[in-house]
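# Sequence plus the predicted model coming up.
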Amino acid sequence: MISVIIPAHNESSVIARTLKAITSGAEPGELDVIVVCNGCSDNTAEVARQFGPQVQVIETDLASKPHALNLGEEKAQGFPRIYVDADVLMTVEGIRALAQHLRQGRILAVAPTPAFDLAGCSWAVRACYGIRALLPSSNEGIGGSGVYALSEAGRARFSEFPAVTADDGYVRIQFRAEERETIPSVTSTVFPPRNLEQLIATKTRAHYGSLQLASRFPKLWQNRGESNHKALIHLFRDPRLWAKLAVYCLVTAIAKYRAKARLRTATVAWERDNTSRAIA
């Protein structure tokens, strides 16, 4: 049995879309799907329960993704174990492919390749994702695809999920590059922010998560993967990319500045993009 854990905070507009993609075509007893509704003030739990016994729903008043992941772990019965953000699309075929890859034993952590749905996004947002596709970080699915999967041996690398902003980043640095893999043939559909303001907000959260991990886990942080710096500089050799690069660098600079300021002041926040959820 494959366990699928989905933390969900006020995701009533998207949770049915996510669950339908995961459960449609699943064999009886094949999946152990757990939706952990954390701090919800909407009807996320009610929508999830409409999928019947194939989906287990847990509710907690505490709005915390790490806490939700840990609650899901307590109820999960199977391995491999797959963690899915509530606003991404992952099919049951993709779930099976990730699980099969882990069962071979060579790799301990896998992720799909993100497929970004940019319909309705502003030119600036599309420009940023166009540059992102040319950078080394685009080849790392554990952090970016909204999905990651662990074998039983991989999950044994750490105990509980700690109270960090970037759970996917924390998971990624548990493994050396040769122990984790992003699978090109398996994709998850990710819905980016539709405007630049929301993109900066979500990028701020991402950079804050990275700074937090580097500060708290400096030895593990060495496993983070290749930096984008050299590749980004190389892209400036192509004048056709300058306009897009200008937007990308501006967004990155603002997000990093805000993330560093937040780290200095120990400000805790969770930037949530509602523009992509609205289209669901």
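Perfect, thanks for sending it. Numbering: from 1, shown residues only.
# longest single helix anywhere in the protein?
Criterion DSSP state H: the longest helix present in the chain is helix 242-265.
# list the buried ones in the following helix or strand past it?
Helices and strands here follow DSSP states H and E; after helix 242-265, the next one along the chain is helix 275-278. Burial within helix 275-278, assessed by neighbour count using 16 or more other Cβ atoms under 10 Å, is assigned to 275, 276, 277. To be clear about C-beta, it is placed using only N, CA and C from the backbone, and glycine gets the same treatment.
# ok so, going back, tell me what the longest helix of the chain is packed against?
Packing partners of helix 242-265 (3 or more Cβ pairs under 8 Å, 6 or more residues apart in numbering; DSSP states H and E): helix 123-132, helix 196-216, helix 229-235.
# C-alpha coordinates for the first one, CSV please?
Meaning helix 123-132. C-alpha atoms of helix 123-132 as CSV (Å, rounded to 0.1, in the frame of the first residue of the first chain):
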residue,chain,number,x,y,z
TRP,A,123,4.1,38.4,-18.8
ALA,A,124,6.4,39.1,-15.9
VAL,A,125,5.5,35.9,-14.1
ARG,A,126,5.9,33.9,-17.4
ALA,A,127,9.3,35.6,-17.9
CYS,A,128,10.5,34.5,-14.4
TYR,A,129,9.5,30.9,-15.1
GLY,A,130,11.1,31.0,-18.5
ILE,A,131,14.4,31.9,-16.9
ARG,A,132,13.9,29.4,-14.1
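# buried ones in it?
Buried, per 16+ other Cβ under 10 Å, within helix 123-132: 124, 125, 127, 128, 129, 130, 131, 132.
# Kindly report the same for the longest one.
Applying a neighbour-count criterion of 16+ other Cβ under 10 Å, the buried positions in helix 196-216 are 196, 198-214.
# Under the pLDDT cut-off, which ranges of the protein? List them.
Within the chain, the ranges that satisfy pLDDT under 70 run 267-272, 278-280.
# re earlier: any chance of the buried residues of helix 123-132 in a markdown table, with distance to residue 57 too?
Below are these laid out as a markdown table (distance: Cβ to Cβ, whole Å):
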| residue | distance to residue 57 |
| --- | --- |
| 124 | 38 |
| 125 | 33 |
| 127 | 39 |
| 128 | 35 |
| 129 | 33 |
| 130 | 38 |
| 131 | 39 |
| 132 | 34 |
